[in-house]
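S.K.: Pasting the sequence and the predicted model now:
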Amino acid sequence: MKAVRFHKHGSLDVLTYEDAPDPKIAANEVLVQVKTCALNHLDIWLRMGVRSWKLEMPHIVGSDISGVVAEVGSLVTRVKTGDRVLLCPGISCGQCEQCFKGLDSACRNYTLFGVMVDGGYAEYVKSPEMNVIPIPGDLSFDEAAAVPLVFITAWHMLFTRARLQPGEDVLVVGAGSGVGSAAVQIAKLVGCRVIAVAGTDEKIEKARALGADAGINHAKQSIAAEVARITDKRGVDVIVEHVGEAVWEACFESLATYGRLVTCGTTSGEEVKLNLRIMYGRQRSLLGSFMGGKGELTDALKFIGQRRLKAVIDSAFPLQDAVAAHRKMESRNFFGKILLHP
Ligand SMILES: [Zn+2]
């Protein structure tokens, strides 16, 4: 098959479109012909090798995959050849204490497509049957591939970690990202007031089109001052963020009493200063969040299938142009998911 692989970590030029061996499935696995694979910032971290994962080389990244079942193993009973499917990006053992609780990402054997197993920058990918989910409703392959990672992440952040309640005020930092555009919609779905933070007016307009009630352009406005103005100095109940260091002080200052800040990333840096007295005095919570469970994806997919939540798509590239797709993601000049078509 054709695939985009890298043989060593590095900048854009390590991505190589080339022949790779066809995946061989085990009895409990499914072979999927990839129709669309969506990019995540994770792909760039993996390519550059800045995280602690030791990858086998050459390596194929790509965690958000949709396609058609091409072959099933002898023990597979739930899906059949020809089914239109998407893959749940998180792979877990399915039979440990954490997996039984639906806390897949806390499984000791947890990984993602494109991390410890090959991902979707290829014509074919193999998957455990457990990860194969029929595409709901009349969703296209592009729409289906744009959903999983960001909606699992946003769902887990807002409901499982931050215990979001109807009517609360929610600040979404990085509203132009995949997780951000999912979080804006999910918070609106349960009747929250949403303030979107982004770096351009264009991104804020797009966040408003997804339902955001107010916007803050952090390039020319103070996040904390705007939150204080919009909430009449009360602060927001929940902050969803993955920017880290650069927005930390503004975010902490913007939390209401009993406010919860939930983070799933540190794109600007990971070291911050924390005033514990204010934290306990205002009874605030700081929450870490990482991916989520298959059940959270299927919960989100009910609304996606009914088109009450939607995957936001920026652009699509042929697989052989993966370099251009990565360049676009690195430029930060996009809104929603960037897709690859093998
Ligand atoms: Zn497990």
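M.R.: Happy to help now that I have it. Numbers count the residues shown, from 1 in each chain.
S.K.: How about the secondary structure of the residue nearest the centre of the chain?
M.R.: In the chain, the centroid-proximal residue (C-alpha atoms, centre = their mean) is residue 150; its distance is 2.5 Å. Under DSSP: H, G, I helix; E, B strand; the rest coil, residue 150 falls in the helix class.
S.K.: For it, which non-adjacent residue is closest in space?
M.R.: In space, and not counting its chain neighbours, residue 150 is closest to residue 178: 3.7 Å by C-beta to C-beta, 6 or more residues apart in numbering. In this view, the C-beta of every residue, glycine as well, is placed from N, C-alpha and C.
S.K.: what sits against the residue nearest to the centre of the chain?
M.R.: 40, 177, 178, 179, 181, 182, 311, 337 (C-beta atoms under 8 Å, 6 or more residues apart in numbering).
S.K.: so which of these comes closest to residue 213?
M.R.: residue 181 (14.9 Å; C-beta to C-beta).
S.K.: Mind telling me what element residue 205 is part of?
M.R.: Per DSSP states H and E: residue 205 is located in helix 201-209.
S.K.: and whichever strand or helix holds residue 47, how far out from the chain's middle?
M.R.: According to DSSP H and E, residue 47 maps onto helix 41-48. Taking C-alpha atoms, centre = their mean, to the nearest Å, one finds the center of helix 41-48 at 13 Å from the center of the full chain.
S.K.: again with stretch 128-140
M.R.: The answer for stretch 128-140 is 17 Å, by C-alpha atoms, centre = their mean.
S.K.: anything in that stretch near the ion?
M.R.: No - interface with the ion: stretch 128-140 contributes nothing (C-beta under 5 Å from the ion), its closest point being 10.9 Å away.
S.K.: how about the helices in this structure?
M.R.: 41-48, 97-100, 141-145, 148-155, 178-189, 201-209, 223-230, 245-254, 276-281, 294-305, 322-331 (DSSP state H).
S.K.: what about the shortest one, distance to the chain center?
M.R.: Averaged C-alpha coordinates place helix 97-100 at 22 Å from its chain's average position (C-alpha atoms, centre = their mean).
S.K.: Just confirm yes or no for it near the ion.
M.R.: Yes - Helix 97-100 reaches the ion (C-beta under 5 Å from the ion) through residue 99.
S.K.: same for that helix, what does it pack against?
M.R.: Helix 97-100 sits against no helix or strand, with contacts defined as 3 or more C-beta pairs under 8 Å, 6 or more residues apart in numbering; DSSP states H and E.
S.K.: buried set for it?
M.R.: 98, 99 (16 or more other C-beta atoms under 10 Å).
S.K.: So for it, mean pLDDT?
M.R.: What helix 97-100 shows for mean pLDDT is 97.
S.K.: could I get that helix in CSV with only the CA atoms?
M.R.: The C-alpha coordinates for helix 97-100 follow below in CSV (Å, rounded to 0.1, in the frame of the first residue of the first chain):
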residue,chain,number,x,y,z
GLU,A,97,-10.4,-2.0,36.3
GLN,A,98,-10.1,1.4,34.5
CYS,A,99,-11.5,0.0,31.2
PHE,A,100,-14.5,-1.5,33.1
